[in-house]
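Participant: Return a 3D structure for these sequence lines:
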Amino acid sequence: MAGIALVLIVISGIAAFFVGRFKREARKMQILLQRGEVARARVVEVKRQRRSRNHDDYFVSYEFATRHGQRQLQRNRVTPADFQSYVEGEEIDIVYDPHDPTVSKIKLTVDEVRRAMSRTAIQ
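Facilitator: Numbers count the residues shown, from 1 in each chain. Modelled structure (predicted):
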């Protein structure tokens, strides 16, 4: 019985971790949708990272300056399909939180969320 209880506690802790992470990411996206500013960024790294034998993660790192000239270096996870379209050195649009420039996403990602939300609101 104690073994089952321990397993349930561990599973609950893992679930709480992922729910908290999801909520933080959702809150960041909500902020970007509400008050985010667009800036030009330069892609500094496009990286595929092996997570397991059957799964890879894909990241794009970019550098941008806020409207006040503050330089930021950020890394975003992207889909495998989007990963193919980025090239180191190219310029892209990003959206950042002017109150906390460490919060930013690639503009295409923010636009996709905005379109998905508008489709959901219509239905």
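Participant: measure stretch 46-61 end to end?
Facilitator: Start-to-end span of stretch 46-61 (Cα to Cα, to the nearest Å) is 6 Å.
Participant: what is the rounded mean pLDDT of stretch 53-69?
Facilitator: The average pLDDT for stretch 53-69 rounds to 94.
Participant: buried residues in that stretch?
Facilitator: Residues of stretch 53-69 classed as buried by neighbour count (16 or more other Cβ atoms under 10 Å): Y58, V60, S61, Y62, F64. No exception for glycine: its C-beta is placed from N, CA and C like everyone else's.
Participant: Now do the helix or strand that contains R119: which elements does it pack against?
Facilitator: Element membership for R119, per DSSP states H and E: helix 107-122. Other elements packing on helix 107-122 under the criterion 3 or more Cβ pairs under 8 Å, 6 or more residues apart in numbering; DSSP states H and E are helix 2-35, strand 91-97.
Participant: Could you identify the helix or strand that succeeds the first one?
Facilitator: Read it as helix 2-35. strand 37-52.
Participant: which other residues reach that following strand?
Facilitator: Residues outside strand 37-52 that contact it (Cβ atoms under 8 Å, 6 or more residues apart in numbering) are 56-67, 73-75, 83, 86-98, 107.
Participant: in its sheet, what does that strand sit against?
Facilitator: When pairs are called by DSSP bridges, strand 37-52 turns out to pair with strand 55-65 (antiparallel), strand 91-97 (antiparallel).
Participant: mind putting those strands in TSV, distance to V46 included?
Facilitator: Formatted as TSV, these follow (distance: least, Cβ to Cβ, whole Å):
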stretch	distance to V46
strand 55-65	6
strand 91-97	11
